[in-house]
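> Kindly generate the corresponding structure for this input.
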Amino acid sequence: MKKALLFCIPAVLFASSCSKLEDYDNINPKAATTAPGVSLVSNAERMLSNTINTPDYNINPFRLYVQYWAETTYPDESQYIIATRQINRNFWDPLYRDVLSDLNEGKRIIAADNLLNADIKANQIACIEVLEVYTWSVLVNTFGDVPYSAALNSENLTPKYDDDKVIYTDLIKRLNTAITSMKSTATGLGTADLYYSGSMARWMKFANSLKLRLALTIADDDAATSKTLAQEAAADLSKLLSSNEDNAKLKYLSAVPNTNPLYVSLVQSGRADFVGANTFIDKLNAWGDPRIDEYFKPFTAATPTTPAVFKGGTYGAPNVYANNSAPGAILEDPTFAGTLMNYAEVEFMLAEAQERGYTIGGTGTAADHYNAGVTASVTEWGGTTAEATAYLKNPTVAYATAKPNGGTAPATWQEKIGYQKWVALYNNPVEAWKEWRRLDSPKLEKPAKAISEIPLRLPYPTTEANLNGANYNAASAAIGGDVVTSRIFWDKK
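Numbering: from 1, shown residues only. Now for the predicted structure:
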């Protein structure tokens with residue numbers, strides 16, 4: 001038997017990865033040589049959800065950047081120390097290697113299957129396109145210019161970087177094509193689909209809702225295109241996520257390794273790394289937010305005569321776990337769902353579209369959609385409509401009078417919607433970070449020991465500078481420097 005050969009694929013291809021290439025003598029001639037295309041989609045769905053939802057500070061620091069959580073012994077990520085643990089590489093690699101590469105290969109296999117019904121094939125490819133658009137948008141929103149048009153090509157190990165706005169333009173085109181190619185009368189990914197169990201009706205809603213998200217993301221950069229896209233997506237509100245049942249999410253299993261990554265970090269690890277941040281908990285307390293007892297454990301439990309007390313740790317500094325409110329028990333459930341998009345987000349987007357003067361379906365006002373977004377979030381977390389209604393009567397919450405950032409002047413719609421999206425996106429920190437940058441609400445301050453401003457992007461992985469240096473240098477120059485304060489094209493101040 002010959003020796004195995006160890007080889008490394010650069011990050012610019014599938015993200016940095018080392019693998020064993022066994023000699024052909026070790027291959028089982030009776031084993032399948034090609035994985036089913038839909039199986040690759042299943043793995044991509046799982047890895048996408050894991051990457052978006054994990055609280056592992058080696059991969060996803062965004063619950064810390066938006067100040068939902070504070071840290072206990074090691075507050076590095078709350079102080080925006082990125083390079084020590086190569087956080088940027090650990091977020092970049094899975095999206096290229098484990099999500100986009102699998103989707104790309106799955107799509108190739110499905111397209112080549114001449115025995116597959118044409119309408120089913122069209123639906124499967126359309127679903128893959130939606131997932132690819134979602135994933136590419138996350139990469140752009142996180143880094144800016146990234147390898148795109150020349151990426152995922154084994155014959156090009158040093159792909160160029162594409163302009164972030166140009167990528168978005170192509171993503172929107174691809175998403176439109178996917179939406180129009182979906183066949184409501186045919187099945188899709190079937191049981192391989194971990195998000196919607198093959199329901200094309202819900203995939204269509206997810207795709208249109210993603211279109212609305214992309215449209216509003218570019219609103220401050222290209223108002224005309226944003227308006228056109230948003231009005232197309234929201235002309236018929238029944239074609240968007242319409243209830244919490246439509247949420248794009250992955251429900252995990254109770255057994256490792258298929259548990260929610262929150263469970264892995266909060267329970268299985270045996271560690272006590274996180275507590276709620278005072279920045280967040282103080283707001284929830286002040287406004288009587290009914291979600292607080294789901295988002296966090298009480299510092300002191302309720303008694304027959306006193307309510308539970310919730311206490312946040314100092315953001316950006318070490319904290320004693322036992323002296324503060326830890327993340328809520330619901331987050332410790334191994335089967336707790338990982339969320340990519342929820343109904344509450346859609347309602348807040350509709351409120352924003354109304355405020356921008358876009359024409360959308362239905363008769364609801366911006367306030368109506370804002371109220372629906374708050375209610376959807378409260379009920380998604382196990383609260384009641386009555387609790388949401390009572391909360392919305394609070395003058396600091398009610399749309400007409402809300403002043404989420406304090407002061408005496410009336411709040412802007414960006415402040416009102418931005419604050420409530422911040423609260424509602426608690427289980428989608430990647431999108432919460434993007435929306436904080438885009439809407440500039442809530443007003444967050446860097447901690448005293450921060451080494452930089454709150455990051456507006458992640459720097460490129462060091463593997464890019466080492467393995468794709470010329471293209472890395474060109475991209476860095478194009479975005480104004482490979483630093484955390486360079487802005488993504490849609491991020492206008």
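> Going by C-alpha atoms from here, please, whenever you check contacts or count neighbours.
Noted.
> what's the strand or helix carrying Arg46 packed up against?
Using DSSP states H and E, Arg46 maps to helix 37-53. Based on contacts counted as 3 or more CA pairs under 8 Å, 6 or more residues apart in numbering; DSSP states H and E, the elements that helix 37-53 packs against are helix 101-112, helix 118-143, strand 248-250, helix 261-263, strand 338-341, helix 429-439.
> Go through these and name the closest to Lys393.
Among these, helix 429-439 comes nearest to Lys393, with 23.8 Å by CA to CA.
> Contact partners for Leu116?
Leu116 makes contact with Ile110, according to CA atoms under 8 Å, 6 or more residues apart in numbering.
> ok, so what distance separates it from Cys127?
Separation of Leu116 from Cys127 (CA to CA, to the nearest Å): 16 Å.
> again, but for Ala224
Applying CA to CA to Ala224 and Cys127 gives a distance of 28 Å.
> okay, those two: which has more neighbours?
Between Ala224 and Cys127, counted using other CA atoms under 10 Å, Cys127 has the larger neighbour count: 29 against 13.
> Report the separation between the nearest residue to Phe296 once chain neighbours are set aside and Tyr57.
Using CA to CA, 6 or more residues apart in numbering and skipping the chain neighbours, the partner closest in space to Phe296 is Gly328 (3.7 Å). Here the criterion is CA to CA. By it, Gly328 lies 18 Å from Tyr57.
> Is Leu331 located within a helix, as I assumed?
Yes. Assessed by DSSP: H, G, I helix; E, B strand; the rest coil, Leu331 belongs to a helix.
> And for it, the neighbour number?
By other CA under 10 Å, the residues close to Leu331 number 20.
> can you check Asp221 too?
Count around Asp221 with other CA under 10 Å applied: 15.
> As a check, name the ranges of all helices in the stretch 151-300 of the chain.
164-181, 200-217, 223-233, 261-263, 278-286, 292-295 (DSSP state H, counting those that start in this stretch).
> so where do the helices sit in the stretch 301-450 of the chain?
Per DSSP H, counting those that start in this stretch, the stretch 301-450 of the chain carries helices over the ranges 343-355, 366-380, 385-392, 413-424, 429-439.
> Let's have those in JSON lines, adding distance to Arg457, mean pLDDT and mean neighbour count.
As requested, the helices of the stretch 301-450 of the chain are arranged in JSON lines below (distance: least, CA to CA, whole Å; pLDDT from 0 to 100; neighbours: other CA atoms under 10 Å):
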{"stretch": "helix 343-355", "distance to Arg457": "22", "mean pLDDT": "98", "mean neighbour count": "25"}
{"stretch": "helix 366-380", "distance to Arg457": "27", "mean pLDDT": "98", "mean neighbour count": "23"}
{"stretch": "helix 385-392", "distance to Arg457": "33", "mean pLDDT": "98", "mean neighbour count": "16"}
{"stretch": "helix 413-424", "distance to Arg457": "18", "mean pLDDT": "97", "mean neighbour count": "23"}
{"stretch": "helix 429-439", "distance to Arg457": "9", "mean pLDDT": "98", "mean neighbour count": "23"}
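> Let me know which of the ones you listed is the nearest to Lys283.
Set against Lys283 and scored by CA to CA, the helices of the stretch 301-450 of the chain come closest in helix 413-424, at 9.7 Å.
> Give me the angle between the closest one and helix 366-380.
Orientation check (axes from the mean of the first three to the mean of the last three CA atoms, to 10 degrees): helix 413-424 against helix 366-380 gives 10 degrees.
> got the angle between helix 413-424 and helix 278-286?
Note on geometry: by the same axes, to 10 degrees, helix 413-424 and helix 278-286 are set 100 degrees apart in direction.
> From the contact counts, what lies against helix 413-424?
Packing contacts for helix 413-424, counted by 3+ CA pairs under 8 Å, 6+ apart, involve helix 343-355, helix 366-380, helix 429-439.
> Give me the distance from the shortest one to the chain's centre.
When you say that, I think you mean helix 429-439. Chain-centre distance of helix 429-439: 9 Å, with CA atoms, centre = their mean, to the nearest Å.
> elements contacting that helix?
The helices and strands touching helix 429-439, judged by 3+ CA pairs under 8 Å, 6+ apart, are helix 37-53, helix 62-65, helix 118-143, helix 413-424.
> same thing with the first one?
If contacts are counted by 3+ CA pairs under 8 Å, 6+ apart, helix 343-355 sits against helix 200-217, helix 366-380, helix 413-424.
> Nearest to Thr462, out of the ones you listed?
Comparing the helices and strands packed on helix 343-355 by CA to CA, helix 200-217 comes nearest, at 28.2 Å.
> any idea of the angle that closest one forms with helix 164-181?
Put simply, helix 200-217 runs at 150 degrees to helix 164-181, going by the same axes, to 10 degrees.
> how far is helix 200-217 from where the chain is centred?
A distance of 14 Å separates the centroid of the chain from that of helix 200-217, by CA atoms, centre = their mean.
> Tabulate the helices of the stretch 151-300 of the chain (CSV), appending mean pLDDT and distance to Gly481.
Shown next, in CSV, are the helices of the stretch 151-300 of the chain (pLDDT from 0 to 100; distance: least, CA to CA, whole Å):
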stretch, mean pLDDT, distance to Gly481
helix 164-181, 98, 14
helix 200-217, 98, 22
helix 223-233, 98, 26
helix 261-263, 98, 33
helix 278-286, 97, 30
helix 292-295, 98, 37
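> Show me the one of those that comes nearest Thr485.
Proximity to Thr485 (CA to CA) singles out helix 164-181 among the helices of the stretch 151-300 of the chain, at 15.8 Å.
> So which other helices or strands are in contact with the closest one?
Looks like helix 164-181 contacts helix 118-143, helix 200-217 (3+ CA pairs under 8 Å, 6+ apart).
> name the helices or strands packed onto the first one?
It stands for helix 118-143. Where contact means 3+ CA pairs under 8 Å, 6+ apart, helix 118-143 is packed against helix 37-53, helix 101-112, helix 164-181, helix 200-217, helix 429-439.
> ok, back up a step: among the helices and strands packed on helix 429-439, single out whichever gets nearest to Ser197.
helix 37-53 (10.6 Å).
> for the record, mean pLDDT for the closest one?
Per-region confidence: helix 37-53 scores 98 on mean pLDDT.
> now do stretch 356-363
97.
> How far does that stretch sit from its chain's centre?
26 Å.
> Just the endpoints, please. Distance across that stretch?
16 Å.
> Tabulate the helices and strands packed on helix 413-424 (TSV), appending distance to Ala186.
Below are the helices and strands packed on helix 413-424 laid out as TSV (distance: least, CA to CA, whole Å):
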stretch	distance to Ala186
helix 343-355	25
helix 366-380	30
helix 429-439	31
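> Which one, of those, ends up nearest to Asn43?
helix 429-439 (20.1 Å).
> Compute the inter-axis angle for the closest one and helix 343-355.
Going by the same axes, to 10 degrees, helix 429-439 makes 10 degrees with helix 343-355.
> Show residues contacting helix 429-439.
Outside helix 429-439, the residues that reach it (CA under 8 Å, 6+ apart) are 52-53, 62-63, 65-66, 138, 141-142, 217, 414-415, 418, 421-422, 425-426, 442, 456, 490-492.
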